[in-house]
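> sequence first, predicted coordinates after that:
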Amino acid sequence: MGSHLTEKTEGVEYPLTFPIKIIGHSRPNFKENVLETLRKYAPDVDDHEVTASMSSNNTYTSLTCTFLAKSREHLETIYGELKAIPSVSIVL
């Protein structure tokens with residue numbers, strides 16, 4: 001049996017399956033741009049696991065993506081990269 005490496009940070013044990021929500025201005029290719037950036041750091045994001053919704057006036061798009069977070073630093077990197085996308089307003 002192989003060993004499974006884990007890391008505990010502030011009571012959270014990594015790796016863990018992590019849902020992230022990205023909200024931004026509805027633009028052509030918003031979803032594609034977000035997923036391209038996210039997959040640089042979390043290639044396990046599955047298109048079938050991505051949920052998208054539009055605001056009532058179609059101004060904003062919300063994406064929820066789930067991936068395997070390896071560490072707190074991994075999450076911080078992903079948050080920073082997603083926030084750097086010009087059309088992204090909020091990353092939760």
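Yep, that arrived.
> average pLDDT for the strand or helix carrying Pro19?
Taking DSSP states H and E as the definition, Pro19 sits inside strand 16-25. Across strand 16-25, the average pLDDT comes to 96.
> which neighbouring elements make contact with that strand?
Packing partners of strand 16-25 (3 or more C-beta pairs under 8 Å, 6 or more residues apart in numbering; DSSP states H and E): helix 30-41, strand 60-69, helix 72-83, strand 88-91. For every residue, glycine as well, the C-beta is placed using N, CA and C.
> how far out from the middle of the chain is it?
4 Å (C-alpha atoms, centre = their mean, to the nearest Å).
> list the buried residues for it?
18, 20, 22-24 (16 or more other C-beta atoms under 10 Å).
> okay, the angle between it and helix 72-83?
20 degrees (axes from the mean of the first three to the mean of the last three C-alpha atoms, to 10 degrees).
> paired strands for strand 16-25, with orientation please.
strand 60-69 (antiparallel), strand 88-91 (antiparallel) (DSSP bridges).
> so which of the ones you listed is the most packed in?
strand 60-69 (a mean of 19; mean count of other C-beta atoms under 10 Å).
> from the chain's centroid, how far away is that strand?
Chain-centre distance of strand 60-69: 4 Å, with C-alpha atoms, centre = their mean.
> run through who's touching that strand.
Residues from elsewhere that reach strand 60-69, judged by C-beta atoms under 8 Å, 6 or more residues apart in numbering: 14-26, 30-31, 34-35, 38, 42, 44-46, 49-55, 75, 78, 89.
> quick one: that strand to helix 30-41, angle?
20 degrees.
> which residues touch Leu75?
Counted by C-beta under 8 Å, 6+ apart, Leu75 has contacts 18, 69.
> for the most centrally placed residue in the chain, which residues make a bridge with it?
Centroid-nearest residue in the chain: Ile20, 4.3 Å away (criterion: C-alpha atoms, centre = their mean). As for beta bridges, Ile20 partners with Cys65 under DSSP bridges.
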